[in-house]
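S.K.: got a sequence here, can you build the structure:
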Amino acid sequence: MSVLVRFGVSLEGRLLDKFDRLIRKRGYATRSEALRDLIRQELVKKEWEEDQEVAGTITFIYDHHRRGLSSRLTDLQHDHQEIIISTQHIHLDHHNCLEIVAVQGRASGVQKLANALRSVKGVRHGALSMTSTGKSIE
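M.R.: Residues are numbered from 1 along each chain as shown. Coordinates of the predicted model:
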C-alpha cells in the first residue's frame, strides 16, 4: 500500500463551489476521491498519447440484414485478433445489432481497429472507450 500524502490546493471560491456541486452530483464522498479520479483520467490520456499498452472497448451498431456487412466486420476483427480480448454480439431488434469488442494492445493499434470498424459502410454508429491496463496509474 502506498503512503498517503496531503497537499494544499488554492482555488477561487466560485471554481471550488462549481467543483463541489459537480462531485456531489457524481456521488463522490470527498474532494480527494474526485481529484484522484481526475488525475488518473489524465494519466490514462497520457498512456494513449504515448502509444503505450492500453485497454478499452469498441462499441458499434449496424444493420445485420445489410448484405456482406457481418462478414466484413468479422474479417476486420480476425485481422486484429492480437489485440481483441473478447467480443459480445447483441440483437437489439429485428434489424439492429450491437457489438462490443474488448481490446488490449498498443494505443495506435486499438485506434486503427476502432477507425476501421466505424468506417465500414453500414455501421450506423461506433465509439471507442479508452482506458488503461491499470499498470501505470496506481
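
S.K.: distance from stretch 73-90 to the middle of the chain?
M.R.: 16 Å (CA atoms, centre = their mean, to the nearest Å).

S.K.: what comes up buried for that stretch?
M.R.: If you call a residue buried by 16 or more other CB atoms under 10 Å, then stretch 73-90 has these buried ones: 73, 77, 80, 83, 84. (C-beta placed from N, C-alpha, C; glycine too.)

S.K.: ends of that stretch, what's the gap?
M.R.: Using CA to CA, to the nearest Å, the end-to-end distance of stretch 73-90 comes to 14 Å.

S.K.: just the C-alphas of the longest helix along the chain, formatted as PDB.
M.R.: Longest helix in the chain by number of residues (criterion: DSSP state H): helix 31-49. The C-alpha trace of helix 31-49 is given here as PDB (Å, rounded to 0.1, in the frame of the first residue of the first chain):
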ATOM      1  CA  ARG A  31     -12.900  16.100  -2.900                       C
ATOM      2  CA  SER A  32      -9.900  13.800  -2.500                       C
ATOM      3  CA  GLU A  33     -11.700  11.000  -4.300                       C
ATOM      4  CA  ALA A  34     -12.700  13.300  -7.100                       C
ATOM      5  CA  LEU A  35      -9.200  14.600  -7.500                       C
ATOM      6  CA  ARG A  36      -7.700  11.100  -7.600                       C
ATOM      7  CA  ASP A  37     -10.100  10.300 -10.500                       C
ATOM      8  CA  LEU A  38      -9.200  13.400 -12.400                       C
ATOM      9  CA  ILE A  39      -5.500  12.700 -12.000                       C
ATOM     10  CA  ARG A  40      -6.000   9.100 -13.200                       C
ATOM     11  CA  GLN A  41      -8.000  10.300 -16.100                       C
ATOM     12  CA  GLU A  42      -5.100  12.500 -17.200                       C
ATOM     13  CA  LEU A  43      -2.600   9.600 -16.700                       C
ATOM     14  CA  VAL A  44      -4.800   7.300 -18.900                       C
ATOM     15  CA  LYS A  45      -4.900  10.100 -21.600                       C
ATOM     16  CA  LYS A  46      -1.100  10.200 -21.500                       C
ATOM     17  CA  GLU A  47      -0.900   6.500 -22.000                       C
ATOM     18  CA  TRP A  48      -3.000   6.800 -25.200                       C
ATOM     19  CA  GLU A  49      -1.000   9.800 -26.400                       C
END
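
S.K.: sounds good, over and out.
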